[in-house]
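1. Coordinates for the following, if possible.
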Amino acid sequence: QVQLVESGGGLVQAGGSLRLSCAASGSIFSINAMGWYRQAPGKQRELVARIISGGSTNYADSVKGRFTISRDNAKNTMYLQMNSLKPEDTAVYYCNADLKRYYSDFRAYNYWGQGTQVTVSS
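-> Numbers count the residues shown, from 1 in each chain. Model prediction:
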């Protein structure tokens, strides 16, 4: 079993900061990529930021320069530092991972966390 557990969400005023964490646990041999997605009410889930095993990152245009994704490979944990938050950043933020559970896996499997609410007040 693999679990992704997010933490760090909450209520913050516009211009403030939050740091989200996502801890992966269970049967994990290697993690190819991890990412943060978000879904606001009435909208589709969208990619916020993604980091691959080599450290390369990509961001949604709407968060570039404000959010930073990072990863601690030793702890199988990913972070999202969110600065200069705006009311339009309000959403449920989900952790996502492509990983191999065992050495023998011939492909990676995709997992989602349960989500953490981020609310930015104006």
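
2. can you confirm residue 41 is in a strand?
-> No - counting by DSSP: H, G, I helix; E, B strand; the rest coil, residue 41 is located in no strand; its state is coil.

3. That one: neighbour count?
-> Applying the criterion other C-beta atoms under 10 Å, we find 7 residues in the vicinity of residue 41. (Glycine included, C-beta is placed from N, CA and C.)

4. For it, give me the pLDDT.
-> Model confidence at residue 41, given as pLDDT, is 93.

5. which residues does residue 100 contact?
-> With contact taken as C-beta atoms under 8 Å, 6 or more residues apart in numbering, residue 100 is in contact with 28-30, 32, 107-109.

6. ditto for residue 93
-> The contact partners of residue 93, by C-beta under 8 Å, 6+ apart, come to 6, 9, 20, 36-38, 48, 80, 115-118.

7. Likewise for residue 75?
-> residue 23.

8. if I look at it, how far off is residue 31?
-> Distance, residue 75 to residue 31, using C-beta to C-beta, to the nearest Å: 11 Å.

9. And residue 76, by the same measure?
-> From residue 76 across to residue 31, the span is 6 Å (C-beta to C-beta).

10. Phi first, then psi, for the closest residue to residue 16 other than its chain neighbours.
-> If you skip the residues right next to it in sequence, residue 16 has residue 85 as its closest partner in space, 5.4 Å away by C-beta to C-beta, 6 or more residues apart in numbering. When read as degrees, to the nearest 10, the backbone of residue 85 gives phi -70, psi 150.

11. Residue 75 too?
-> Backbone torsions for residue 75, taken as degrees, to the nearest 10, come to phi -100, psi 0.

12. Give me the distance between it and residue 24.
-> Between residue 75 and residue 24 the computed distance is 9 Å (C-beta to C-beta).
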